[in-house]
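Chemist: Return a 3D structure for these sequence lines:
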Amino acid sequence: MAEEALEKRLRLREKRYEVEQLMKEKRSEEFEALEEVFDKPTLMLVYRMLNQGHLSHLHGCVKAGKESRIYWGKDSKGKDVAVKIYLKSSGEFRKGRLIYLEGDPRFQRVRKDTRSLVYLWAQKEFKNLQAAFSARVSVPRPILVRGNILVMQFIGSKGTPAPLLKDLQPEKPAMLYRALLKNVRLLYVKAGLVHGDLSEYNVMIWGNRPVIFDISQGVSLEHPLSDMFLSRDLENLNNYFRKYGVDVKPIDQLHSWVTGKNAN
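Modeler: Coordinates of the predicted model:
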């Protein structure tokens, strides 16, 4: 009996040691993730936003990507906001983002160090959101940009983001298809922009309507690749809605309609 009791205590001790080690590893991973996002300059920007009343609270991360993290926050009136923090440590900005900056007349003499690119990328998304929102495109309302931090309307409720189109079975796919095409046309005709990366991965569904987000790569119509980006956006929409039996239109016909060359 004594041997069994001793063996049981040893097993419990080993189990406790394993749990403690796992907790240490977990805390280390969490610290590394926080350190990746909140370097000293970013922390100072957050403190400044809090002190100036732009933010009252910053809660947990609700979405993590390769180039940014999105946090649930509260403004001075207690309303939900989305706080998007671009990662200065991300290599994504050097790899594939220059193509969306170079050639856009709004951004001249682009500096190619990572910090400058990240700050410019945040400014670019803010300007794109402003233009799109003013044109009545269904996008989050832009609020503020400082450095690598963008504050915008939170699409969702109580810290839970609205579901993505990719994760839903659309109840009325044909109606949703037409709604998205109208937004693409508004973005082009009224805002003078092409999204450039539109797909089911950056459309949320909220209040039975689509909300387009992640518009940082959007380019002006003067960009030399804007037509190609527009065709790619339309092809992505067609590929998605074709799976749900929607009678999608040919790309050339859609392209002419979006650009205003064919009003029908």
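Chemist: all contacts plus neighbour counts: C-alpha atoms, from now on.
Modeler: Will do.
Chemist: Contact partners for Ser134?
Modeler: Residues in contact with Ser134, defined by CA atoms under 8 Å, 6 or more residues apart in numbering, are Ala191.
Chemist: do you know how far it is from Ala191?
Modeler: According to CA to CA, to the nearest Å, Ser134 stands 8 Å off from Ala191.
Chemist: Thr42 is in what secondary structure piece?
Modeler: helix 40-51 (DSSP states H and E).
Chemist: Now do the residue lying closest to Tyr71 once chain neighbours are set aside against Gly73, distance only.
Modeler: Closest residue to Tyr71 apart from its sequence neighbours, by CA to CA, 6 or more residues apart in numbering: Cys61 at 4.3 Å. For Cys61, the distance to Gly73 (CA to CA) stands at 9 Å.
Chemist: Looking at the two, which has the bigger crowd around it?
Modeler: Gly73 (25 against 15; other CA atoms under 10 Å).
Chemist: Can you classify that one by secondary structure?
Modeler: strand (DSSP: H, G, I helix; E, B strand; the rest coil).
Chemist: so who does the residue nearest the centre of the chain touch?
Modeler: By CA atoms, centre = their mean, the chain has its centre lying nearest to Asp214, at 3.9 Å. Residues near Asp214 by CA under 8 Å, 6+ apart: Glu125, Asn202.
Chemist: The same query, at a cut-off of 7 Å, please.
Modeler: Counting by CA atoms under 7 Å, 6 or more residues apart in numbering, Asp214 touches Asn202.
Chemist: how near is it to Val137?
Modeler: Taken as CA to CA, the span from Asp214 to Val137 is 13 Å.
Chemist: and if you look at Gly73?
Modeler: Gly73 is 24 Å from Val137, by CA to CA.
Chemist: Walk me through the domains of this structure.
Modeler: 40-157, 162-259 (automatic domain parsing).
Chemist: weakest of those by average pLDDT?
Modeler: Among the domains of the chain, domain 40-157 has the lowest mean pLDDT, at a mean of 86.
Chemist: first to last residue in that domain, what's the distance?
Modeler: Terminal residues of domain 40-157 are spaced 30 Å apart (CA to CA).
Chemist: Show residues contacting the strand or helix carrying the residue nearest to Tyr71.
Modeler: Per DSSP H and E: Cys61 is located in strand 57-64. Here strand 57-64 makes contact (CA under 7 Å, 6+ apart) with Arg69, Ile70, Tyr71, Trp72, Gly73, Lys74.
Chemist: Strands of this protein, residue ranges please.
Modeler: 57-64, 68-74, 80-86, 142-146, 149-153, 156-157, 160-161, 193-194, 203-206, 209-212, 219-220 (DSSP state E).
Chemist: What are the boundaries of the helices in the protein?
Modeler: 2-37, 40-51, 92-96, 98-101, 114-134, 173-189, 226-242, 251-259 (DSSP state H).
Chemist: Tell me the buried residues in the fourth one?
Modeler: By neighbour count on 16 or more other CA atoms under 10 Å, the buried set for helix 98-101 is Leu98, Tyr100, Leu101.
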